[in-house]
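sequence unavailable; structure follows:
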Ligand code: NAD
């Protein structure tokens, strides 16, 4: 059985797959495969291990017919895969959830602190030789302790961030989701509220929803104008959840104080004006970039392949359409 791995992944998963001599691996390296390259590469494969830049669309899925049985995405998100078409063709789709929860939540917290305390600007200032004497007014920012953190999307990552913000900084936690999480509310002491109430009352807002048609541009001009002018917006979910043009105006015109952004609307392109602003911290989609998470994701993705191709069962981390 043939497995296409579209990009080099940590050895843990590859070693696991190599334990099964019936699996023949086609491992690609270098930049993302184009649609035409994917269509060619998927021909005759039984499974694909894909990464986020791979657009596994209808054409690619059809090109995998009739052998393709699994698209094992090396990510929690799966908005790069046409889930409906996969289901209609009887192809399983899996992801690698859970194991990178802590890494992404820690990155969201890092963006909160970096944005609030001007870490990037201060670093540039020191390197430029501008630090000549101490000043009481230099790079002032807000304290996090006891402030209100609003979390939009209270799933795995949102709840873990709430836990560390509550435990570490005694922050008041508001959350908004399309579901209620009674256990999380009790354990963390989080309060459920409407999106508008959260926007109006939070000092920091961190977004952790999945990207779906219903969450595209969940945050646009109307929502940004509802935020406090002293508030910070953090996004480690997916770029398209925020209307980037509106975010640019909000930061430029002072509707909000600052932002920390890891994901972009047209990744890897970044809305041109954003890179000119000092009050936004930008990172290149590295929310899950810890050694621990990447090795664990590699193991999980391989286990999903083994479950389908060797054990003849649905993948452990099956995405239901
Ligand atoms: P999850 O499925 O556990 O949580 C998502 C939550 O969003 C769910 O509780 C869901 O009910 C909620 N939600 C959906 N629609 C909503 C809406 N309209 N309003 C409010 N809430 C809504 O997912 P997770 O593991 O916490 O991951 C969240 C997202 O983080 C992923 O989908 C992925 O896109 C992103 N992510 C980013 C990185 C990175 O490197 N930056 C890494 C991993 C995951």
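Done, it's in. No experiment lies behind these values; they were computed from the predicted model shown.

let's verify residue 31: helix, strand, or coil?
coil (DSSP: H, G, I helix; E, B strand; the rest coil).

what about it, how many neighbours?
Counted with other CB atoms under 10 Å, the neighbours of residue 31 add up to 9. The C-beta positions use only the backbone N, C-alpha and C, and glycine is treated the same way.

need phi/psi at it.
Main-chain torsions, residue 31, degrees, to the nearest 10: phi -70, psi 160.

and what of the one 4 residues further on?
Backbone dihedrals for residue 35, given as degrees, to the nearest 10, come out at phi -60, psi -50.

contacts only, for it.
Residue 35 makes contact with 55, 57, 59-60, according to CB atoms under 8 Å, 6 or more residues apart in numbering.

report the buried members of the residues you listed.
For the contacts of residue 35, a neighbour count by 16 or more other CB atoms under 10 Å gives the buried set as 55, 57, 60.

which residue packs closest to the second one, ignoring adjacent ones?
Excluding the flanking residues, the one nearest residue 57 by CB to CB, 6 or more residues apart in numbering is residue 82, at 5.1 Å.

how about the last one?
What sits nearest to residue 60 in space, not counting adjacent residues and going by CB to CB, 6+ apart, is residue 38, at 4.9 Å.

and what about the one you found, helix, strand or coil?
With three-state DSSP as the criterion, residue 38 reads helix.

how much space between it and residue 270?
In this structure, residue 38 and residue 270 are 25 Å apart, going by CB to CB, to the nearest Å.

do the same with residue 260
14 Å.

who's more crowded, those two?
Set residue 260 next to residue 270 and count neighbours by other CB under 10 Å: residue 260 wins out with 26 against 16.

what residues are bridge-paired with the more buried one?
Beta bridges link residue 260 to residue 234, residue 281, judged by DSSP bridges.

surely it meets residue 107?
No - using CB atoms under 8 Å, residue 260 is not in contact with residue 107; the gap is 9.0 Å.

common neighbours of these two, please.
Common neighbours of residue 260 and residue 107 (CB under 8 Å, 6+ apart) are residue 283.

so what's the residue nearest to residue 57 up against?
56-58, 61.

once you drop chain neighbours, what's closest to residue 161?
residue 105 (4.0 Å).

what about residue 200, helix or strand, and which?
helix 195-201 (DSSP states H and E).

outline the domain layout of this protein.
Structural domains annotated on the chain: 2-99+291-309, 101-282, as defined by automatic domain parsing.

residue 304 versus residue 63, what's the distance?
For residue 63 relative to residue 304 (CB to CB), the value is 21 Å.

ok, now residue 197?
39 Å.

try residue 7
For residue 7, the distance to residue 304 - CB to CB - is 16 Å.

who has more neighbours out of these two?
residue 304 (27 against 18).

in which helix or strand would I find that one?
helix 291-309.

is that helix in proximity to the ligand?
No - counting by CB under 6 Å from any ligand atom, the ligand has no neighbours in helix 291-309; the shortest distance is 8.4 Å.

may I see the buried residues of that helix?
Residues of helix 291-309 classed as buried under the neighbour-count rule (16+ other CB under 10 Å) are 293-309.

other residues contacting that helix?
Contacts for helix 291-309 (CB under 8 Å, 6+ apart): 1, 3, 9-14, 16-17, 20, 22-23, 46-47, 49, 69-70, 72-75, 92, 94, 96, 99-100, 102-103, 288, 313-317.

quick one: distance of that helix to the chain centre.
Offset of helix 291-309 from its chain centre (CA atoms, centre = their mean, to the nearest Å): 18 Å.

stretch 43-59 too?
20 Å.

need the residues that contact it.
Against stretch 43-59 from outside (CB under 8 Å, 6+ apart): 1-7, 9, 13, 26, 32-33, 35, 38-39, 42, 63-64, 67-75, 77, 80-82, 85-86, 285, 301-302, 305, 308-309.
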